[in-house]
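*Asks:* need a 3D model of the following:
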Amino acid sequence: MCEHTDLSPQRFRNIADNPYATPPQEFRMRRTHRTQHAIFTGAFLGAVAIALAGCSSTAAPDESTETTADGESFTIPQQTGVPPWAYTNDADDLIGMLPDLSSALAPYLGVTIENERTTWENSLLGLESEKYVFVPGADATPERLEKFDFAIALQDGYGFQVKTGNPEIADDMMALCGLSIGLPASSSPIQSLEEQSAACVEAGEAPIDIKTFPDWASADLAAQSGQVDTATATLSSMGYQAAENPDKWTITGPRYLQLEIGFAVPKGSEWGPRLVDAFNEMIADGTYAAIFDTYGTPGMMIEESHLVTE
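*Replies:* Modelled structure (predicted):
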């Protein structure tokens, strides 16, 4: 059904002028933890790509694997179906910014990295059980900081999208009262939406009906089928969705939850500082920028990586 959909990296250059591809100036935030010392620019992240996984016509390198001689070998989890983050093409190759960033880290860390397709929830569970040494693309939320440290690699915010033709949402968080909202289980917006639901009840309004699904694509399908009123997703992902499928999706409602996003590691792990150093080497030599340029998302880059521990 999507044989004509273009999910190639070149496709992202063609939507560079989409206003949702990079959150505007007012959504750039100042770091608030103790190690923060600068203002971030850009935004990134992704989620939500209904039935798009496996529909790209772009050829890709072999399964995003990078080998370094004499190094340790690690498997890194990747959630697919979320362009431009991680998705598959017609040949079933795994492509996207997170697989590319993960593979590119290998020579800087002196290890062998192989990307493995799995769910987001299983990625974090695997990190807790020490199956994985790091998980890419994780929001640095207070709840997660109790268990993990984060080598920051990018940032993004969240918003809402509805099926084109359905009622739009006012640009106010109170406009969410009484609505059903779809998103993946264990995803970072859940706490913010629960807090907003409590605010709705306190104001005498109906609570938010938060419905969780296995992944972002399933939440999208629920919004398209009418199972939920709206789906929440990252601004960068919605920018892609709206540009690719303007007859299917309408971006609407408030923007919220601007977060730092990084590669999660177990609390106190040596991999946190090692990843920060590796990212900063990649930034300095241009490898980092080249990856974002491949997908037409240079506005999602950060100027310097740092470690978030609290």
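
*Asks:* just the helices in the protein please.
*Replies:* Ranges of helices in the chain, per DSSP state H, are 9-13, 97-104, 106-109, 120-128, 189-202, 216-225, 235-244, 271-285, 287-294.

*Asks:* redo those helices as TSV? Include mean neighbour count.
*Replies:* All C-beta spots, glycine's among them, are computed from the backbone N, C-alpha and C. Formatted as TSV, the helices of the chain follow (neighbours: other C-beta atoms under 10 Å):
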stretch	mean neighbour count
helix 9-13	19
helix 97-104	25
helix 106-109	20
helix 120-128	18
helix 189-202	16
helix 216-225	22
helix 235-244	25
helix 271-285	19
helix 287-294	18
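
*Asks:* regarding the protein, what is its longest strand?
*Replies:* strand 249-266 (DSSP state E).

*Asks:* who's in contact with the nearest residue to residue 112 once chain neighbours are set aside?
*Replies:* Sequence neighbours aside, residue 73 is the residue nearest to residue 112 in space, at 4.1 Å (criterion: C-beta to C-beta, 6 or more residues apart in numbering). Shown in contact with residue 73 (C-beta atoms under 8 Å, 6 or more residues apart in numbering): 111, 112, 113, 114.

*Asks:* could you list every residue that touches the first one?
*Replies:* Under the criterion of C-beta under 8 Å, 6+ apart, the contact list for residue 111 reads 68, 71, 72, 73, 74.

*Asks:* the last one against residue 115, yeah?
*Replies:* No - Residue 74 is not in contact with residue 115 according to C-beta atoms under 8 Å; the separation is 10.1 Å.

*Asks:* neighbour-wise, which of those two wins?
*Replies:* residue 115 (23 against 18; other C-beta atoms under 10 Å).

*Asks:* and that one, how far from residue 189?
*Replies:* Plainly put, residue 115 is 25 Å away from residue 189 if you go by C-beta to C-beta, to the nearest Å.

*Asks:* equivalent analysis for residue 87, please.
*Replies:* In terms of C-beta to C-beta, residue 87 sits 21 Å off from residue 189.

*Asks:* check residue 110 too.
*Replies:* Residue 110 is 36 Å from residue 189, by C-beta to C-beta.

*Asks:* what are the bridge partners for residue 94, then?
*Replies:* Under DSSP bridges, the beta-bridge partners of residue 94 are residue 88.

*Asks:* what is the neighbour count of it?
*Replies:* So residue 94, with other C-beta under 10 Å, has 24 neighbours.

*Asks:* check residue 116 too.
*Replies:* Neighbour tally, residue 116, other C-beta under 10 Å: 17.

*Asks:* need the contact list for the closest residue to it other than its chain neighbours.
*Replies:* Excluding the flanking residues, the one nearest residue 116 by C-beta to C-beta, 6+ apart is residue 75, at 4.8 Å. Each residue near residue 75 by C-beta under 8 Å, 6+ apart is listed here: 113, 114, 115, 116, 131, 132.
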